[in-house]
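>>> below is the structure, and that's it, no one-letter string:
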């Protein structure tokens, strides 16, 4: 967990080194292009970034992809905020990023790893994700419009 991963892949760098990540770029993409946290404030993204295990895809020093695990590093994690900038899609970057994350030794020892997705079920199934076995056991508090400027 402590030693950052830094991998060259098809002309990109995939890294877990937060010092190389650009919170402003993450915020811009999430607040403007995501369907799940439209208009999220920068301060909220910064807090989420600081308190999560993060991975990024960089091209020529610019951040073009991101994902984070909200975790206790021992028993459970939630995978969220996964994206690759549109102009960099189709090159296997999201697959490689998820492969690296799910293959990390400490992640393979977690009892549960959760995620929510609108349309990437096939991608995540490749890495062992499947529908929740007993959805009736799970509950949530949902505030989908919390960041919208209404």
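Sure, I can see it. These figures come from a predicted structure and were not determined experimentally.

>>> who's in contact with the residue nearest to the spatial centre of the chain?
The structure's the chain has its C-alpha centroid closest to residue 67; by CA atoms, centre = their mean the separation is 1.9 Å. The contact partners of residue 67, taken as CB atoms under 8 Å, 6 or more residues apart in numbering, are 54, 55, 79, 80, 81, 82, 83, 97, 98, 101. Using the backbone N, CA and C atoms, a C-beta is placed for each residue, glycine as well.

>>> which stretches of the chain form helices?
23-33, 42-50, 93-103, 105-108, 121-125 (DSSP state H).

>>> turn those into JSON lines, columns for mean pLDDT and mean neighbour count.
As requested, the helices of the chain are exported to JSON lines (pLDDT from 0 to 100; neighbours: other CB atoms under 10 Å):
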{"stretch": "helix 23-33", "mean pLDDT": "97", "mean neighbour count": "17"}
{"stretch": "helix 42-50", "mean pLDDT": "98", "mean neighbour count": "15"}
{"stretch": "helix 93-103", "mean pLDDT": "97", "mean neighbour count": "18"}
{"stretch": "helix 105-108", "mean pLDDT": "97", "mean neighbour count": "12"}
{"stretch": "helix 121-125", "mean pLDDT": "94", "mean neighbour count": "13"}
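
>>> how about the ones you listed, which one is nearest residue 14?
The closest of the helices of the chain to residue 14 is helix 93-103. By CB to CB, the value is 5.8 Å.

>>> on the pLDDT front, check the closest residue to residue 40 other than its chain neighbours for me.
Spatial nearest neighbour of residue 40, chain neighbours left out: residue 147 (4.5 Å); criterion: CB to CB, 6 or more residues apart in numbering. Residue 147 is assigned 88 on the pLDDT scale.

>>> my read is that residue 147 contacts residue 45, right?
No. Using CB atoms under 8 Å, residue 147 is not in contact with residue 45; the gap is 10.1 Å.
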